[in-house]
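1. missing the sequence, but the structure's below:
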């Protein structure tokens, strides 16, 4: 993930605002009331499609993993049963390790060699995208294919990973694809939805896709909407939110519907997500008022363990960036982890002698007898010899007494380190389920040990709280995670304890180190804007923050000048103020690099326009066709004669860019950026003369550390 | 509600932005990192308090209503049972009508004579407040007391009203009170939370209060958050949302906790809201794919009935504004409605001969035998002779066969007209529960009639869908209502059908007439800003929208001029651009009417400052102490000598107001207003000279009708 993500943060970042030029306004003015209605309906159709396709993908992943894992565990189980009697279990171990490694190898090769951006859960990348930082190739069809294939391999390969995180990325890619009505990878343009080929619109759909992904992953449509809002929204729009909710609903419904058909129970809509916590009935596992302090203690433990996890993973990531950046090394590391996971699991199962009587229902498919007496099974095997989703559910719902404390303790420790080692490998995989599993294990342990001290407590309830605490300690999500957990348990009563636990975990964890996603985002030096300006930054003004001097263009500018400036790698701005030539430096507009490139490519020069009067005028369509892969300036050839031509920018620039005076305080500038989704803000003096330009990077630098305001070093992009 | 609400839309509207002057910046600069931390913690504490108090109020209302209604129904029931045998039931009728009328009279007198703004559900007022339009007295302690007392009287008085809507208003008042750390009504200033005595901060807390109210009313903390966001948020802020969620959680938890103690089941947290739909188990009342079209048809019916309801209520409201505006008339109308409600209910019960066998559980307290055989009860009585909340729950959960179609049909029709007549009376009451009840009745009827056509269906499920459809058709809320309904049913599976039903109801209803709250808001001609500028308004620019010419002040201005301009009733602006005298008309700041009044009151004149050097400087505290009830200009005495003094506005004006050039399109201006919560936007020419001022009213005028863009007439405020 890192290498690719690190070194090519885009030059063409998202721009929500500055593209409102003359052409755009004319188009909008031409459009009738009916036209807007049609657009609105298309948006709904697209969101429905996004939800449907995301649900379908989730369904495919689920079935493929079940099938593959089923075959694998069946083979290994048969082998173990065979060799338990005759001895020579090491052969079973080797078989297991080889099966795991080969599955993971296939996945890792696809990811490392074909599309490295598909590695990991994709959540940091989607967070960046929704924040306004576009990372190249992150929403391409190829990425989606690799991601889906990769996640099937890595989950079936028995790694300590989940298939939930990648769903969010998958949903986002689906959204970006569907909403543009074309696929550049497949070179197919359906000529529909052309109006939406703009950053603003595309981003709105991507947030719907991410929400649909969350919704399919956890059966949590409201949680999905809140996730999108928490990560992406800057300006709350009711209709947009409503559409996002629609996509989420359709997504969970589609998954539910197809899974019910697959399970031969059509119409039984009881598995709305990839992970299903099972229903927590309030009457059977109600909590009491005096348990709340216990929950808060568990939240603190979750925060501590989460911080440890993140810190270890941080060091590991630094190590990987330095030494493991070649694809074949990455594949080998992934295979190694897979083999180690199998070995550790095997030896844990082998050396534990925690036999439990077989329950009345044989719903757990993979109960291993091993050295236990007849009618008993090895309880360590239920957690290791199983897909992680099933293990989580067992920990939540198995009756008291199903696990002994030693087993749980051992499991927690080993799985903690395995999961920590696994996150960041060149495989497509999420960290949600491993976190939940670790948390559920120590939570259940906590619940088992409690009655020995004071009171009897249902261990399943503590497993749930532990899972929430651990997940919260690692990812540090707040609102959306609470709602996701509440929706996944299907019980509103647990809302308050889960919320308190997540809050405590976040506060404790934040004291030591940031959340896992934020660590990975920070390692890429991405200009990520947080919610508010640092609290103590009121003394900073636009003058101190802005970049100056700014390269400006005249309204009528020489082609040569433009080409030279765009080619100059040291001035890699994406937006340039346009000034009037008569009054020096007085602003009259803002033009984007991408717009200039389209203009150069179509040779929209004043002289040529005069000579070739019949030539058709450049239209908005030309910009949309070029979107989003604008050619680099180097690919555009401008002859020596053409360099002396002039370009008239009036029609293509944004004639009314937002400006602020130099004395504006940083929090006000920040709020403008955040609320309006700006990329460039021109700073002017009292006579409207350009004196500077504030970009996202200028704002993202400032950071509130423990010693007051700090300035970060951001990548030179 | 109308009269008071109508004629005094405030002169001192909320202002989120323009108060960032020199004093404020200096204070912020002085504040340390730790200071900001303390503020943050205070915000959390306040939100916790808001949630706690709101939950407590909900609990009091619930218990008081239960007790009062219990006594009333007990008396009436005894009386009926007595007279059923001996004949002379008309005495029972009179007793019932008198009891109802007297309860309602007490409530109506309190509302009409003491605090008319407490009438109705308060949701339109809170919507306006969160939108940025402050309505006087809406968040005062007196309003809260009257509201709570009034709602107890009107619900116990048997009107077709609910106690849920007023909870939202109550939560908002609690929030406004707690966050300011003082009560002007009680003349008590606790000298805490002084930092929050600003519009921005107060409004954030009020949205938390509204969310806590929803949460307590429906046991729907997430729905509460979404309600606040849907109605109030313009700029999504993660920490704020998280705090709002905290308030909601605490509120539902408090209510739950105290109700569990009241019900002698401490720790049984199973009644999280005032209304509890009871649990819908997915396995018992699952829906099928082919039922979805039926649900959509029901949504359309709900939309139609909702539109009819709204249209009737609209005419009624117009009638009331014209003829029933004197308090004593209002009280008499309320009493009349109460008497009619009792009479109608009584005759419905009396003439219906729908006897049902008594169920095994006698949990329904108010089962009337009347003329039924022993061991049977009158089923009409369960719906009429009961609090509406219990009737809704019976309609959802009573087993098939509990009601006969004729009873339900009669009930729907009568209750529809009763509820429509009741909404808008001078009593404190909500429209949620009546809507749910009407919808549940016809929904159940729909469900009963269905099997005769095609398939068997659980009528309770259709009652739920009908309730959603009817409520959606009347109030037209979308996202938040879906989530509220899902949380209240405790079943995520119903999310998609409820969403589809609400969407259909909204689309169908909007075709005919607006939502009930919007109708009432529109009748007040409030400058209410919707989410986006009308779609076809791109051809309008700031030049056409703005008010011009603008009254500006010089940076150094004569006191006489200021007093004259502020006293001039024809120029009732709240914000004035400040210009530099040397370059005529060039903008250098913006100052508010309220700030000028404080300056005049403290006589901050240049000449006096020179003569009285020892006088203390005006501080931010002086502005905060005056907030929010700034004295009118008439109350400030300025002598003839003082009129010749000068005032230096530099330190008190906002030195960097947002400005736009004249060519900016209306959607861009709109977005600035909405995203930044502006009240005034200065329009400047290319030399930064003031040419106009855009206010909320200028934007709220434009409205997309069926024939394109329309201009509304707004009240002259």
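-> All right, it came through fine. Note that the structure is predicted; figures quoted are calculated from it, not measured. Numbers count the residues shown, from 1 in each chain, chains lettered A, B, ... in the order given.

2. how about the residues of the stretch 451-600 of chain A near chain B?
-> Applying C-beta under 8 Å from any C-beta of the partner chain, we find that the stretch 451-600 of chain A lies next to chain B at A:478-479, A:482-483, A:486-487, A:490-493, A:495-496, A:499, A:503, A:531-532, A:535-536, A:538-539, A:586, A:588. Quick note: C-beta positions are derived from backbone N, CA and C, even for glycine.

3. distance check, the residue in the stretch 601-717 of chain A that chain B sits nearest to against residue B:227.
-> Nearest to chain B, among the residues of the stretch 601-717 of chain A, is residue A:675, at 3.8 Å (C-beta to the nearest C-beta). For residue A:675, the distance to residue B:227 (C-beta to C-beta, to the nearest Å) stands at 22 Å.

4. among the two, which residue is more densely surrounded?
-> residue B:227 (32 against 21; other C-beta atoms under 10 Å in any protein chain shown).

5. right, and the more buried one touches residue B:210 too?
-> Yes - look at residue B:227 against residue B:210 with C-beta atoms under 8 Å: they come within range, at 6.7 Å.

6. any shared contact partners between the two?
-> In terms of C-beta atoms under 8 Å, 6 or more residues apart in numbering or on different chains, residue B:227 and residue B:210 are both contacted by the residues residue B:168.

7. for the residue nearest in space to the middle of chain A, what are its contacts?
-> For chain A, the residue lying nearest the average C-alpha position, counting by C-alpha atoms, centre = their mean, turns out to be residue A:123 (1.7 Å). Counting by C-beta under 8 Å, 6+ apart, residue A:123 touches A:165, A:168-169, A:430, A:517.

8. please repeat the previous calculation with a cut-off of 7 Å.
-> Contact partners of residue A:123, counting by C-beta atoms under 7 Å, 6 or more residues apart in numbering or on different chains, are A:165, A:168, A:517.

9. bridged to the closest residue to the first one other than its chain neighbours, which residues?
-> This points to residue A:165. Excluding the flanking residues, the one nearest residue A:165 by C-beta to C-beta, 6 or more residues apart in numbering or on different chains is residue A:430, at 2.4 Å. Applying DSSP bridges to residue A:430 yields these beta-bridge partners: residue A:162.

10. quick check, residue A:430 in contact with residue A:162.
-> Yes - contact criterion C-beta atoms under 7 Å: residue A:430 and residue A:162 qualify, at 4.3 Å.

11. compare the two and say which is more crowded by neighbours.
-> Legend: neighbour count by other C-beta under 10 Å for residue A:430 and residue A:162, higher for residue A:162 (29 against 25).

12. residue of the stretch 351-500 of chain A nearest chain B, please.
-> Going by C-beta to the nearest C-beta, chain B is nearest to residue A:496 of the stretch 351-500 of chain A, at 4.8 Å.

13. tally of neighbours for that residue?
-> Neighbours around residue A:496, by other C-beta under 10 Å: 25.

14. that one is in contact with residue B:248, isn't it?
-> No - in this structure residue A:496 lies outside contact range of residue B:248 using C-beta under 7 Å: 9.8 Å.

15. where does the stretch 601-717 of chain A dip in pLDDT?
-> Along the stretch 601-717 of chain A, segments meeting pLDDT under 70 span A:609-616, A:704-709, A:712-717.

16. related to what we said a few turns ago, what about the residue of the stretch 601-717 of chain A closest to chain B, distance to residue B:538?
-> In terms of C-beta to C-beta, residue A:675 sits 21 Å off from residue B:538.

17. same thing with residue A:673?
-> Residue A:673 is 24 Å from residue B:538, by C-beta to C-beta.

18. looking at the two, which one has more neighbours?
-> residue A:673 (25 against 21).

19. can you report how many residues neighbour the closest residue to residue A:431 other than its chain neighbours?
-> Using C-beta to C-beta, 6+ apart and skipping the chain neighbours, the partner closest in space to residue A:431 is residue A:423 (5.1 Å). Using other C-beta under 10 Å, residue A:423 has 29 neighbouring residues.
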